[in-house]
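Asker: Return a 3D structure for these sequence lines:
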Amino acid sequence: MKKTLVALSVLAAGSAQAGIELYNQNDVTVNMGGDIEVVYNQGKAEDAELTQEIQDADVSFDVRYAINDELQFGGFWQINDVAMDKDGENAGDVYVALYSDTVGSFKVGRLCTVLDDAGIGSDYQFGITTFFQGEDMYCADEVIRWDIDKENFYAAAAIAQDKNGNTGLNNDSTYFDGKIGYRVADFDFTALVGLGEVGGDLPTSTKHDETLWSAQVRYNGIDNLGLAAAYYSMDNDTDTTNTMALAATYQLDLLALAAGYSLSSHDDDAIDDLNTWYVNAGYTVAPNTTAYVEVGGDDADKTQTGFAIGVKAAF
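Answerer: Numbering: from 1, shown residues only. The predicted model follows:
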């Protein structure tokens, strides 16, 4: 999932529970899940053409063993891009986990850290700007993650290293991120932070400290309307990028309409501000199945308005 200060797509990354129960006996459960997405996409790069893309074709299994009424031990594995030629790059989430009703879940293995879930909005392809850089550092082989959700209060924390040398970290660094949130009335408030030394994994990249934080609020007090706002800040030693983002989603029976806008500015005057936007419509054609159309763009040089029409489904 390469992210370069660009859109945060609607991601389905290794959920804790799959969608179809295959087995449930003797304190053992086996669930199977998956998702698929096919889209005709004309990207925002200048002169980009409309092409067909299979963006998801994933299958996952979630096996859990009840230790007692309080604890479960489990294993989760996911195969990404089934039946697609990815030159062996079909690895999805793979981890073992301990689940507790009281203290939450602890996962160890290959999975995404907390900041991979840091976006707002209901975009499909183009989205609005967050603070992600061009390093695939939020999903890695060597991650430990904790999550807890107690109705009003929720929190998560993760730590990652890169001794295997396959993400944007380096062999000597440890990356940490976390979030804390609270739901009250019709509001949902979230604060996120991440920090670590990144880069240096390739001869062309330089090691540098990176600090990221975000404050987000969501409001659902108006019938069928969801509103969200976020502020993102990323400091990578040489430049600080600040982004303000707004998003709205309106649900009309089976039809969902959504839009978003963001403005990013830099401490480095040599880097231009960036305005990013999207508008889309999605129609639920079957349970967990959406057909959608989306346009989006930004004011960067050598870009055009992007267009996408596609279908996504999950089970």
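Asker: low-confidence ranges in this structure?
Answerer: The chain contains residues with pLDDT under 70 at 1-18, 83-91, 130-137, 165-172, 199-206.
Asker: if we go to 50?
Answerer: 1-18, 88, 133-135 (pLDDT under 50).
Asker: Just list whatever residues bridge to the closest residue to Ala286 other than its chain neighbours.
Answerer: Nearest residue to Ala286, sequence neighbours excluded (C-beta to C-beta, 6 or more residues apart in numbering): Ala313, at 7.5 Å. Backbone N, C-alpha and C define where each C-beta goes, glycine included. Residues in a beta bridge with Ala313, per DSSP bridges, are Ile36, Thr289.
Asker: burial of Ala313, as a residue count?
Answerer: Ala313 has 17 neighbouring residues, counting by other C-beta atoms under 10 Å.
Asker: surely it meets Tyr292?
Answerer: No - using C-beta atoms under 8 Å, Ala313 makes no contact with Tyr292, being 11.5 Å away.
Asker: Ramachandran angles for Asp117?
Answerer: Here is the backbone geometry of Asp117 (degrees, to the nearest 10): phi -100, psi 20.
Asker: Next up, the contacts around the closest residue to Ser122 other than its chain neighbours.
Answerer: In space, and not counting its chain neighbours, Ser122 is closest to Ala258: 4.0 Å by C-beta to C-beta, 6+ apart. Residues near Ala258 by C-beta atoms under 8 Å, 6 or more residues apart in numbering: 121-123, 247-250, 278-282.
Asker: show me the contacts for Leu50.
Answerer: Contacts of Leu50 by C-beta under 8 Å, 6+ apart are 40-42, 307.
Asker: And Glu70, by the same measure?
Answerer: By C-beta under 8 Å, 6+ apart, the contact set of Glu70 is 100-102.
Asker: ditto for Lys179
Answerer: Counting by C-beta under 8 Å, 6+ apart, Lys179 has contacts 114, 117-118, 155-157, 190-193.
Asker: give me that answer again for 6 Å
Answerer: Going by C-beta atoms under 6 Å, 6 or more residues apart in numbering, Lys179 touches 114, 156, 190, 192.
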